[in-house]
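Peer 1: requesting a structural model of the entry that follows:
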Amino acid sequence: MSVPSRSSLRAQLLWLNVIIVSCSIALSLAGTLYLTLRSERHALDNSLLNSASILSRVPLVAEVLDGTSSREELAAFLNDTTSHVSDIDLILVADTENRIYYAPDSVFLGTHYTGTAQNAVLAGASPYTSNETGPMGSDHSAYAAVRDDSGALLGFVVVGVYVRSMAVLTFQTILRFAGIGLLSAALGSLLANQLSRRIKASLMGYEPDAFARRFHQREDILDALEEGVLAIDREETIIFLNTAAAQMLSLDEEGVVGKSLHTVYPRSTLDRVLRTGKPEYNVSMSSLKDVRVLSDRLPLYEDGRLTGAVGIFRNRTEVTRLADDLTGVRHMVDAMRAYTHEFMNKLHVILGLLQIGEPEKAQQYIMDTKRTQQEAVSRIMHQIGEPSVAALLVGKTSRAGELGIRLTLDRESFLPEGSPWLPPDAYVTILGNLIENAIEGLNQSPRDSKEITVSIRESEASLLLCVEDTGPGIPAEIQSHLFERGRSTKGRGRGTGLSLVQEVVSAYHGEIRVESESGIGTSFFITFRRDDPAAPEEESDCIKS
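Peer 2: I've put the predicted structure just below:
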């Protein structure tokens, strides 16, 4: 009997109950039936032997066989006897010549007994039983010799039962056990139904296979999270650790489950939640020096009882860096650092001139520096109305100047404050990364002429941003992968700047075009256009000033 593999819990328990009850009944029936029939057979043998022995000693039987009494008297006596005995089907009386003197069916009177089992008792054997089938179809009979008072052999008696009586006995026994089995099956089904209800209730109404599938799915989801998850029970034993948490804490994901928290992570304070029962949010994990990790700790309750705690770790190192790149903070800080550095250099020149007794030259140097700085700043501020973009260009100009690179803003460039094309952060991200790439490329170039030109052309129909340099150019094999994160010629851990530019341009539905020639330089053209077919086409190239 097979059980469907995807059946419900209730069906599985019912099938299991039926199988157990059926097997139990079959084994019990076979064993008990064997013992019962064996006992009944032994009792039947004793009953038949006793009955045959008693009948062989009845005087009337001997008198009929020696002719002193009539057969009618014997028939009346034996008919009355068999009517009061339930476990005897037939009685036969025959003489030594096998002629039948009495039989339940008068047809056999006067005929000869056709069996051979009587020969043993006629030869002087004690009463015994035999399975030989007699003339009336009996299957099991007892034989006893009949003798007169002097001991002379007169004949024999046969007391037997039919096969149908044996079958009825067997069938009644089977029916009794079948009834007990059905009752057991009904009771087992009721208990199985109750058990299935309790199990499903404990599984929140799910079937076991569905519950297991959902459990594994949720484990896979937790493992796929970028946030780390670590859970402990009331005894501070680790009961769950996902992949992200194992990586952040440098732990073996499989080996730590089941171990004490402080054995595998001695400096953890997650167990503090077990003592206070209160959640903690945005806790900085000071034990991790190389990464910035914030942790939320939450108590776990079951039926109102504190049973454990879970810590959720968030690695903010990469997120903070990307946020700085996206908002332009890094570029603004770099620009201000370069501006401060240049200012300090100029102060050192002025201090040196004063110390060597050249105040007039110091004054002239200050006036020249002021005029040059004012010209550069005023030109940028005149053309660029957006303060953050203007500050970026001023800072990058100073940084480039320190490295011997001339950075200029195209005279035709113009960007009003509150430009409708892009938010200020997007301008800073695009221009900051492109200018920084150009500065780094030129700084590594042996060429004497190092120039960067920035152009910002805004109109009602389009916006064009250009950054051009006279650097060594970009190799052809790199150009096809230029905007992929991690692709860079500057070493490991670089290659995010241009990917950020691509992301911002794509977010605002712009286009990027790159032209680069070895030994000549590289130009980036970024264009944004209105979705208006009637809008005039704008030029897509920058013009160097």
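Peer 1: tell me which helix or strand of the chain sits lowest on mean pLDDT?
Peer 2: For the chain, the helix or strand with the lowest mean confidence is helix 317-327, at a mean of 52 (criterion: mean pLDDT, DSSP states H and E).
Peer 1: check which element follows the longest helix along the chain along the chain.
Peer 2: In the chain, with assignment by DSSP state H, the single longest helix is helix 9-56. Using DSSP states H and E, the helix or strand that follows helix 9-56 towards the C-terminus is helix 59-66.
Peer 1: pLDDT of that next one, averaged?
Peer 2: Here helix 59-66 scores 86 as its mean pLDDT.
Peer 1: how far away from the center of its chain is the very next helix or strand once past it?
Peer 2: Beyond helix 59-66 in the direction of the C-terminus, DSSP H and E gives the next helix or strand as helix 71-83. On the basis of Cα atoms, centre = their mean, to the nearest Å, helix 71-83 is displaced by 84 Å from the centre of the chain it belongs to.
Peer 1: and the angle for the next helix-or-strand element following helix 71-83 with helix 71-83?
Peer 2: Stepping forward along the backbone from helix 71-83, the first helix or strand reached (DSSP H and E) is strand 90-95. Between the axis of strand 90-95 and that of helix 71-83 there is an angle of 150 degrees, by axes from the mean of the first three to the mean of the last three Cα atoms, to 10 degrees.
Peer 1: residues contacting strand 90-95, please?
Peer 2: The set of residues external to strand 90-95 that reach it, using Cβ atoms under 8 Å, 6 or more residues apart in numbering, is 55, 61, 64-65, 74, 78, 81-82, 100-104, 108, 112-113, 118, 134, 136, 138, 146, 154-162. All C-beta spots, glycine's among them, are computed from the backbone N, C-alpha and C.
Peer 1: which parts of stretch 78-96 are buried?
Peer 2: For stretch 78-96, the buried set under the neighbour-count rule, 16 or more other Cβ atoms under 10 Å, comprises 78, 82, 88, 89, 90, 91, 92, 93, 94, 95.
Peer 1: and the two most separated of those residues?
Peer 2: The most widely separated members of those are 89 and 95, with 22.3 Å between them, by Cβ to Cβ.
Peer 1: from residue 404, how far off is the residue of the chain positioned farthest from its centre?
Peer 2: Among the C-alpha atoms of the chain, the one most distant from their mean position (Cα atoms, centre = their mean) is that of residue 68, at 98.0 Å. The span separating residue 68 from residue 404 equals 158 Å under the rule Cβ to Cβ, to the nearest Å.
Peer 1: point out where the stretch 201-350 of the chain drops to low pLDDT.
Peer 2: Within the stretch 201-350 of the chain, the ranges that satisfy pLDDT under 70 run 202-212, 215-216, 284-292, 316-350.
Peer 1: ok, now with 50
Peer 2: Screening the stretch 201-350 of the chain residue by residue with the criterion pLDDT under 50, one finds the ranges 324, 326-328.
Peer 1: for it, what spans make up the strands?
Peer 2: Assigned by DSSP state E, counting those that start in this stretch, the stretch 201-350 of the chain shows strands spanning 228-233, 238-241, 280-284, 293-302, 305-315.
Peer 1: just checking, what packs against the shortest one?
Peer 2: Looking back up the chat, that one is strand 238-241. Packing partners of strand 238-241 (3 or more Cβ pairs under 8 Å, 6 or more residues apart in numbering; DSSP states H and E): strand 228-233.
Peer 1: and for the first one?
Peer 2: Contacts defined by 3+ Cβ pairs under 8 Å, 6+ apart place strand 228-233 against strand 238-241, helix 243-249, strand 305-315.
Peer 1: as a markdown table, these with mean neighbour count would be great.
Peer 2: Output for the helices and strands packed on strand 228-233, formatted as a markdown table (neighbours: other Cβ atoms under 10 Å):
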| stretch | mean neighbour count |
| --- | --- |
| strand 238-241 | 20 |
| helix 243-249 | 19 |
| strand 305-315 | 19 |
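Peer 1: how about those in CSV, adding distance to residue 511?
Peer 2: Formatted as CSV, the entries for the helices and strands packed on strand 228-233 read as follows, by distance: least, Cβ to Cβ, whole Å:
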stretch, distance to residue 511
strand 238-241, 46
helix 243-249, 37
strand 305-315, 34
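Peer 1: so for residue 400, which of the ones you listed sits nearest?
Peer 2: With Cβ to Cβ as the criterion, residue 400 lies closest to strand 305-315 of those, at 34.4 Å.
Peer 1: residues in contact with that closest one: which ones?
Peer 2: Surrounding strand 305-315, the residues in contact under the criterion Cβ under 8 Å, 6+ apart are 226-234, 239-240, 244-245, 248-249, 268, 270-271, 273-274, 277, 285, 291-301.
Peer 1: if any of those residues are buried, give me the PyMOL selection for them.
Peer 2: Buried members of the contacts of strand 305-315, identified by 16+ other Cβ under 10 Å, are gathered into one PyMOL selection as follows:
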select buried, resi 227+228+229+230+231+232+244+245+248+249+268+270+273+274+285+292+293+295+297+298+299+300
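Peer 1: and for residue 520, the neighbour number?
Peer 2: Look at residue 520: counted by other Cβ atoms under 10 Å, it has 13 neighbours.
Peer 1: so what's it closest to, chain neighbours aside?
Peer 2: Computed as Cβ to Cβ, 6 or more residues apart in numbering, the closest residue to residue 520 that is not its neighbour in sequence is residue 473, at 6.3 Å.
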